[in-house]
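Participant: next input, structure requested:
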Amino acid sequence: LDARALYNPDVALRIKDEIITNDFTFDDNARLYVLTGPNRGGKSVITCAVGIAFVMAQLGLPVCAQSSVISPCDEIYTHFPTGSEDTIDKGRLGEECSRLGTIFETVTEDSLILLDESFSSTGSYEGAYIAAEVLQGFSMVGCRGIFSTHLHDLAASVDRINGECVPRGGVKIDNMVAAISEGERSFKVRRARPDGKSYARDIADKYGLSLDKIMGKIQK
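Facilitator: Numbering: from 1, shown residues only. Below is the predicted model of the structure:
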C-alpha cells in the first residue's frame, strides 16, 4: 500500500471542519505498525481508513485518497473492542484472546490485520507481554497490519521484536505516532518513536474531571 492524502470517509461525512489527510505506506521497511499517541488523536480513524481503502479498491470503487497503489489482500481481520456475550463466560481478556486465536488459524501473508486497543482489559505489563507475542506471530506470518494501542511498553519493544523475528524471516515492524503540534492534536500520523504520553489528563479536564472542577461540582 502506498496512499497519499488518505482519509476516512465515514469521518469526513460526519464533520464540517477541514478534512485531515495522511500518507500511509506498507513496504519492506514496515509491514506492521504499532500506532500510539494521545486519546482522541486519530489512531482509530486512520486504522479504519486503511481498512476502508482496501475494501473500496477491491470493490472497484474510488479510494478516498489523492492517490493510492494497493496490493490486494485475501482477508481483512479486525480485532476491536466488542460487547460480545462471550465476556460473560470468558471475561474480556479471555474473549480477546479467543478471537485472536481464531484469526491465527487462517491469517496468511496476504492478509490485512487491524487491531484497536487490544489487551487494554488487563494491566499494562501483562497486556504488553501478550501483545508482543501476538506481534511476533504476525511478523512471522508476514501479513500487513496496524496495532493501535496505549501500551507504550509494546511500542518500546519494537526493536527487540524485529531483532528476534527478522533474522528468522519475519517482516519488519515500525512505530507510528498520532502527532501533537503546539499542545494540540493535529490528527496527523508519522513514523516516529512515541513519547510515551496518552494526554488523557487534558481530555478529563475538558469534561470537568480534574480535581478542581470535581470539587466545584460537589460543593455547589
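
Participant: roughly how far out does stretch 38-56 sit from the chain middle?
Facilitator: Centroid displacement of stretch 38-56 relative to its chain, using CA atoms, centre = their mean, to the nearest Å, is 8 Å.

Participant: export that stretch to CSV, keeping only CA atoms.
Facilitator: Coordinates of each C-alpha in stretch 38-56 appear next as CSV, following Å, rounded to 0.1, in the frame of the first residue of the first chain:
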residue,chain,number,x,y,z
PRO,A,38,-3.0,10.8,22.5
ASN,A,39,-6.5,9.9,23.3
ARG,A,40,-8.8,11.2,20.5
GLY,A,41,-5.7,11.8,18.4
GLY,A,42,-6.9,9.9,15.4
LYS,A,43,-5.5,6.5,15.9
SER,A,44,-8.7,4.6,15.3
VAL,A,45,-9.6,6.9,12.5
ILE,A,46,-6.5,6.1,10.4
THR,A,47,-6.7,2.4,11.3
CYS,A,48,-10.2,2.2,9.9
ALA,A,49,-9.2,4.5,6.9
VAL,A,50,-6.6,1.9,5.8
GLY,A,51,-9.1,-0.9,6.0
ILE,A,52,-11.7,1.1,4.1
ALA,A,53,-9.2,1.9,1.4
PHE,A,54,-8.6,-1.8,0.8
VAL,A,55,-12.3,-2.6,0.7
MET,A,56,-13.1,0.2,-1.7
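
Participant: buried stuff in it?
Facilitator: Of the residues in stretch 38-56, those scored as buried under the neighbour-count criterion (16 or more other CB atoms under 10 Å) are 38-54, 56. (C-beta placed from N, C-alpha, C; glycine too.)

Participant: quick one, grab the pLDDT at Leu135.
Facilitator: Each residue has a pLDDT score; the one for Leu135 is 93.
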